[in-house]
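In: Sequence below, structure please.
(one chain, ligands or ions: 2)
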Amino acid sequence: MKTFDYDAIRLLPKKSVLKSRREADTSVTLGNHTFKIPVMPANMATVIDENLAEWLSSRGYFYVMHRFQPETRFDFVKQIQAKGLIASISLGITDDEYQLIDQFKANDVSPEYITIDVAHGHSDYVIKMIKYIKANLPETFLIVGNLGTPEAVVDIEAAGADATKVGIGPGKACITKDKTGFGTNGWQLAAIAQCAQVATKPIIADGGIRHNGDIAKSIRFGATMVMIGSMFAGHDETPGDIIEENGQTYKAYYGSASASAAQKGHDHNVEGRSLMVEYKGSIQGTLTAMQEDIQSAISYAGGRDLNSLKTVDYVILTE
Ligand SMILES: NC(=O)C1=CN([C@@H]2O[C@H](COP(=O)(O)OP(=O)(O)OC[C@H]3O[C@@H](n4cnc5c(N)ncnc54)[C@H](OP(=O)(O)O)[C@@H]3O)[C@@H](O)[C@H]2O)C=CC1
Ligand SMILES: Nc1nc2c(ncn2[C@@H]2O[C@H](COP(=O)(O)O)[C@@H](O)[C@H]2O)c(=O)[nH]1
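Out: Ligands and ions are numbered 1, 2, ... in the order given. Here you go, the predicted model:
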């Protein structure tokens, strides 16, 4: 099996047809909605909260709210939809989560997007939850993760997922490979490529994005969108206080399965760690830079939109 990761790939330029990079269209459609860029902040407690979800949605960005304040999700969906915005929440697979689906159905409320968010998404119990959501909230677009193999993508699509999320252990706050020996850490981009070969529905590349150019690389190898944690943590709008240490400013970023997540209910099978990320100011600056860099990538690809990235040639650096 040929393996490679983001750092080993260089995409090869083609003749540009654009007068200006501003002409390049970075929009992406997922389900019934179109978003400004093919990027979503990770559904983690140190990356997104309800305020940021509203901020992103009102500006045309996709988001996935995390599931670590479970009791707030029903009201969140109602409130954000009352403002004419898209509701996009996460669910686990425990018995309580079925009650939330029942509550939505009983009140005739359908979130536009639900993400089933568990570490090992290729599971009989995830399949059971997919079938329950599809039977009770058929209008909702269902993203399911996380997966790491083509077999998982085939099974989870067959169960009814509308999109799959690929990435077991490549995240910056992740220690899955050290704790269990499993995962796509170190070869995440090749795992995306393998999964994309069998996928018939969109794939979201999740974890391991360290540079804006990794977004274009993800799309080249088959992703429709990318989920990003650490690069979004540390902004004014992301949760947590600014910490000053030795004249530098930081914010905390911790894994959803880390010991720091214990207060939010994760107190066993630790597979995440806590770290500090540099404080970066407003998130708008980061989002704008991402969009500009994707526009430049489209120009290098010789096209006008994200589709042009899907067929560019590339080299794999061997050293
Ligand atoms: N992308 C990644 O690589 C990873 C992401 N995470 C993130 O951490 C958060 C917590 O994840 P998770 O631990 O799944 O959440 P939860 O513990 O909330 O849910 C997972 C459910 O599946 C059961 N389960 C059975 N086998 C496994 C397995 N191998 N790994 C995990 N659960 C299993 C768990 O039961 P029981 O707990 O009794 O075993 C639990 O009921 C999520 O947000 C997830 O995305 C965590 C690790 C890796
Ligand atoms: N193995 C673990 N993975 C985790 C944990 N919490 C979140 N995650 C995953 O990381 C990505 C974000 O990755 P990044 O490289 O952009 O920082 C996130 O979307 C989850 O899939 C965890 O505790 N353990």
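
In: which residues touch stretch 241-257?
Out: Contact with stretch 241-257 is made by 44-47, 66, 68, 117, 119, 171-175, 229-230, 233-235, 238, 240, 260-261, 264, 266, 269-279, as judged by C-beta atoms under 8 Å, 6 or more residues apart in numbering. Every C-beta, even on glycine, is put in place using the N, C-alpha and C of the backbone.

In: What residues does this protein have near ligand 2?
Out: Contacts of the chain with ligand 2, taken as C-beta under 6 Å from any ligand atom, map to 42, 44, 146, 167, 169, 171-174, 176, 206-209, 227-230, 255-258, 271-272.

In: who's in contact with stretch 291-311?
Out: By C-beta under 8 Å, 6+ apart, the list of residues contacting stretch 291-311 from outside reads 11, 13-18, 21-28, 36-38, 212-213, 215-216, 219-220, 222, 312.

In: quick one: buried residues of it?
Out: By 16 or more other C-beta atoms under 10 Å, the buried positions in stretch 291-311 come out as 291, 293-303, 306, 308-309.

In: List the buried residues for stretch 170-182?
Out: Using 16+ other C-beta under 10 Å as the test for burial, stretch 170-182 gives 170-177.

In: Please pick the buried ones from the contacts of stretch 291-311.
Out: The neighbour-count test (16+ other C-beta under 10 Å) marks 11, 16, 21, 24, 26, 28, 36-38, 212-213, 215-216, 219-220, 222, 312 as buried among these.

In: ok, V315 - contacts?
Out: Going by C-beta under 8 Å, 6+ apart, V315 touches 9-10, 12.

In: for those residues, which one is nearest D108?
Out: Closest approach between those and D108, by C-beta to C-beta: I9, at 46.9 Å.

In: Find the centremost residue of the protein, please.
Out: M227 (2.3 Å; C-alpha atoms, centre = their mean).

In: For the host helix or strand of that one, which outside residues touch it?
Out: Take DSSP states H and E as the rule and M227 turns out to sit in strand 225-228. Defining contact as C-beta under 8 Å, 6+ apart, one finds that strand 225-228 is touched by 28, 30, 38-43, 62, 64, 165, 167, 202, 204-207, 209, 214-215, 218.

In: Show only the entries of those residues found in helices.
Out: Those of these mapping onto helices are 214-215, 218, per DSSP state H.

In: Tell me the secondary structure of V17, please.
Out: Per DSSP: H, G, I helix; E, B strand; the rest coil, the local secondary structure of V17 is coil.

In: cool, and the one 5 residues further on?
Out: Secondary structure of R22, reduced to three states by three-state DSSP: helix.

In: For the stretch 201-319 of the chain, which segments are assigned as helices?
Out: Applying DSSP state H, counting those that start in this stretch to the stretch 201-319 of the chain gives helices spanning 213-220, 283-300.
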